[in-house]
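Undergrad: Below is the sequence, then the predicted model.
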Amino acid sequence: MERYNYGVVGLGVMGRNLLYNIADHGFSVAGFDLDKGKVDELHTGATGGMEIKGLASLEDFVTALESPRKIILMVPAGKPVDAVLENITPLLGKGDIVIDAGNSYFRDTERRIADLASKGLHFMGMGVSGGEKGARTGPSIMPGGDLEAFKLLKPMLESIAAKVDGEPCTAYMGKSAAGNYVKMVHNGIEYAIMQLISEAYDLLKRGANLNNDQLYEIFKEWNNGEMNSFLIEITRDIFRQKDSLSNAYLVDMILDKAGAKGTGKWTSEQAMEIGVSIPTIDIAVTSRILSAYKEERIKASQLYPNDDVATPENMKIFIKEVGDALYLSTLISYAQGLALLVKASEEYDFDIPLKDVVKIWRGGCIIRSVLLEKFYSAYTRNPNLSNILLDEEISEIVKSKTHSLRKTASYAVSNGISSLGIQTALGYFDAYTTEFLPVNLIQAQRDYFGAHTYQRVDREGIFHTSWDSTNI
Ligand SMILES: NC(=O)C1=CN([C@@H]2O[C@H](COP(=O)(O)OP(=O)(O)OC[C@H]3O[C@@H](n4cnc5c(N)ncnc54)[C@H](OP(=O)(O)O)[C@@H]3O)[C@@H](O)[C@H]2O)C=CC1
Ligand SMILES: O=C(CO)[C@H](O)[C@H](O)COP(=O)(O)O
């Protein structure tokens, strides 16, 4: 009986395409899905030379795999992963490897690693980014955990991943659930950048009165320069897309309520949990929540109308400033996400190699951008950089754009155009680069009403003052 090198469970958007990608690179792959229709479709979409087989029985699927079995799960995060594990683990043998390639919560991965280890099985969490197309032609792949299992998978992962300068966009992301953690933070940054792009769009549309054709040209120009990135590129193309149900552009027919599956929220929760400041990512999560208040927003907009958005004095300068503001606030969002990874690596003993993280994000993934080349150089100079803003070469870029960020933020505030992402990126930058923050006063207040104590600037120790009885 023929034995397949790899197995994929879950033949939806990502699983089917990842399976084809693996098969394209000379590996034989078996696929399983609960939905028999998807199993049958697998063969329809295959191209010649692929050694693949779709199976509708889990037992047949497991039997069809060579030993040790290497099974990639591509099912929705949460209960479906546990359901698959419950059914499949009794069929597996010692040394078999299960790789969860979905957007699973890292705590779930930790639990599953321990559970499968107690059965003599390897379990790995592995982030995959690039969407449908990326999965098919070359995603960015973030494996972590079991090193022994990783070594077995490495040749396959390196062959199917995206390539930048001939180097694969995959690397070992660290111990335990590091792979899922890095992917979670990737998505948090993704949320922030998407929020910032939407604000730049709003400023150009409402502030400068630009239409979709003009927006297309601006994003095209941005994408041809230092802002080149996947998200700017697809935004450019979105402005060109006509609606098939009306004569309008599709973007104008899409309801302004943003969905979310959870990875952005987890990133924010995690940052709060381990004490890392990532306000632009937080605000991107909360902005999607706020967008869902559509009916209330309609009422509020009638109660508080904003009829006097001023046209910028010099359109060329305004567009340049919005572009620079988007570039810098994007850079600051990456800085926040990467700082979270630095702290999480210490906190959870993940040993995340930051230099490899930015290296493998340069291609294949949703947040790929040419800016990551500069981060890669920064981490090459100093792999222990606690915040990307502290790198001297990065600081030169930041300094060259700060004025534009302030001008853009100021225009948005003066004209009542919501720009939560831009404001928080600037606010974070201003706080992070301030030697003396006014929180001495907060410490005084805490000590005043709750005897919470404070530290002093002139001597070591913990102090408390009876505020109402001394020197007042
Ligand atoms: N879509 C994207 O762009 C990206 C998604 N991801 C992550 O990848 C994972 C998969 O996402 P995606 O491919 O989009 O999801 P889909 O819903 O398209 O596919 C999931 C597939 O898994 C099947 N499935 C569910 N439960 C089981 C089970 N117990 N046994 C076998 N098959 C099962 C589903 O079948 P049925 O439909 O019948 O329930 C479906 O075919 C998720 O964790 C997602 O967050 C990661 C990166 C990008
Ligand atoms: O993982 C991804 C890309 O890297 C998914 O596309 C992402 O999870 C989408 O998230 P959301 O639905 O919350 O916007």
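TA: Now that the structure is in, tell me what you want to look at. Ligands and ions are numbered 1, 2, ... in the order given.
Undergrad: how about G120, secondary structure?
TA: Classification of G120 using DSSP: H, G, I helix; E, B strand; the rest coil returns coil.
Undergrad: Quickly note the distance from it to T89.
TA: Distance of G120 to T89, computed by Cβ to Cβ, to the nearest Å: 10 Å. C-beta coordinates here come from the backbone N, C-alpha and C atoms, glycine included.
Undergrad: what's the closest non-adjacent residue to the residue of the stretch 251-400 of the chain found nearest ligand 1?
TA: Going by Cβ to the nearest ligand atom, ligand 1 is nearest to K261 of the stretch 251-400 of the chain, at 6.1 Å. Of all residues not flanking K261 in the chain, N103 sits nearest, at 7.1 Å (Cβ to Cβ, 6 or more residues apart in numbering).
Undergrad: same for the helix or strand containing S198, what does it pack against?
TA: Counting by DSSP states H and E, the element that carries S198 is helix 178-202. Packing partners of helix 178-202 (3 or more Cβ pairs under 8 Å, 6 or more residues apart in numbering; DSSP states H and E): helix 106-117, strand 122-129, strand 140-144, helix 230-238, helix 263-274, helix 279-291, helix 315-347, helix 420-432.
Undergrad: Distance from the fourth one to the middle of the chain?
TA: Pointing back at helix 230-238 there. 17 Å (Cα atoms, centre = their mean, to the nearest Å).
Undergrad: mind saving the C-alpha coords of that helix as CSV?
TA: The C-alpha coordinates for helix 230-238 follow below in CSV (Å, rounded to 0.1, in the frame of the first residue of the first chain):
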residue,chain,number,x,y,z
PHE,A,230,1.5,43.7,0.6
LEU,A,231,-1.2,45.7,2.5
ILE,A,232,-0.5,48.9,0.5
GLU,A,233,-0.5,46.9,-2.7
ILE,A,234,-3.9,45.2,-2.1
THR,A,235,-5.3,48.6,-1.0
ARG,A,236,-4.2,50.1,-4.3
ASP,A,237,-6.1,47.3,-6.2
ILE,A,238,-9.2,47.6,-4.0
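Undergrad: Just read off the phi/psi values of the closest residue to L157 other than its chain neighbours.
TA: Spatial nearest neighbour of L157, excluding adjacent residues (Cβ to Cβ, 6+ apart): T170 at 4.7 Å. Dihedral pair for T170: phi -150, psi 140, per degrees, to the nearest 10.
Undergrad: Y249 too?
TA: According to degrees, to the nearest 10, Y249 has phi -80, psi 140.
Undergrad: So it sits against Q241, correct?
TA: Yes: using Cβ atoms under 8 Å, Y249 makes contact with Q241 at a distance of 6.6 Å.
Undergrad: neighbour-wise, which of the two wins?
TA: Legend: neighbour count by other Cβ atoms under 10 Å for Y249 and Q241, higher for Y249 (19 against 12).
Undergrad: got the contact list for the more buried one?
TA: Going by Cβ atoms under 8 Å, 6 or more residues apart in numbering, Y249 touches N212, F239, R240, Q241, K242, D243.
Undergrad: By neighbours, which of the residues you listed wins?
TA: That'd be F239 among these, by other Cβ under 10 Å, with 22 neighbours.
Undergrad: Can you get me a residue count around V185?
TA: V185 has 28 neighbours, counted by other Cβ under 10 Å.
Undergrad: That one and ligand 1, how far apart?
TA: Applying Cβ to the nearest ligand atom, to the nearest Å, the value for V185 to ligand 1 is 14 Å.
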